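>>> Could you look at this predicted model? Sequence included:
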Amino acid sequence: VCTSRLVHARAPVPETAAAPMSAMIQRFRKAVGSSTPEPPPPVTTCDANDATGSISGHLWKERDVVKSWRQRYFRLENSILYYYIDDARAGADGIGPATKPRGTIYLSGCTVMREPARDPIVKGAPGPVGDVSAAPRSFPFSIRHPASPESTKLATDSEEATATWVAFLQRAAARSHLSGAGTATGLAPGAGVGVSSPGPASANGSRQSGFGGGGG
């Protein structure tokens, strides 16, 4: 008995057909890569005025639930520290009396303390200016009220910037505590530290929901 078997050979793919497929893959990879947002720049400066005691600029703010850091724009006015989300990348441009802050931190009765330096929040950040051999670091500090175990954690990527922020906030907290200022809204001293989930809006539209949250 004679049997025969038919073998089907797979035809090679012409190079002209493979080229469009390769180009399509490259375009897809490029599109995916371009959709990844660039990380914000390191926080190394602030705008401080010794005469008025005011200070403003970007700070890193640690979120409470997921323990991640987000860059926000902060502004100290008297004994109240305001922070904003929408203008975090743009800086002070566009921030005016009508701009609603995301949250407020009442400094009366609060303690502002530096924390140990940590690994840089922005990966791949350069070292300190003028010292290319130094490893990059971030310099956190915390705002805490004795009536609560929670705190708000903030940071910059410059030891000098952190020292300036801490000095101005400590001065504002001490001044407001001695004078009794900073509680005109009727909130207890320190209320509003670490605003998390949206609470009731105040007269200026900011959110106040007590201590220790990190949603903002």
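Everything's here; your move. The shown structure was predicted, so the numbers you read here are calculated from the model rather than taken from an experiment.

>>> drop to CA atoms for contacts and neighbour counts, all remaining ones
Will do.

>>> Now do the helices in the protein.
Applying DSSP state H to the chain gives helices spanning 15-34, 159-179.

>>> what's the neighbour count on G109?
Residues lying near G109 (other CA atoms under 10 Å) number 22.

>>> That one and A147 touch, don't they?
No. Shown here, G109 and A147 do not form a contact pair, counting by CA atoms under 8 Å, at 9.2 Å.

>>> where does the chain have low pLDDT?
1-19, 28-37, 86-98, 124-135, 177-215 (pLDDT under 70).

>>> again, only using 80
For the chain, the stretches with pLDDT under 80 are 1-40, 64-67, 86-99, 122-135, 176-216.

>>> Do a quick rundown of the strands in it.
In the chain, the segments counted as strands under DSSP state E are 47-49, 54-62, 69-77, 80-84, 103-106, 111-114, 139-144, 151-156.

>>> which residues does T44 contact?
Taking CA atoms under 8 Å, 6 or more residues apart in numbering, we find T44 in contact with 156-158, 161.

>>> Neighbour-wise, give me the winner out of these.
D157 (29 neighbours).

>>> Identify the residues contacting it.
Residues 42-44, 120-121, 136-139 are the ones in contact with D157 under the rule CA under 8 Å, 6+ apart.

>>> If you tally nearby residues, what's the number for the closest residue to R144 other than its chain neighbours?
Once flanking residues are discounted, R144 sits nearest to S151: 4.6 Å by CA to CA, 6 or more residues apart in numbering. For S151, the neighbour count with other CA under 10 Å is 22.

>>> Count the residues that sit near M113.
16.

>>> The one 5 residues further on too?
Applying other CA under 10 Å, we find 13 other residues in the vicinity of R118.

>>> Quick check: chain neighbours aside, which residue is closest to W60?
Q71 is the one closest to W60 (CA to CA, 6+ apart), at 4.5 Å.
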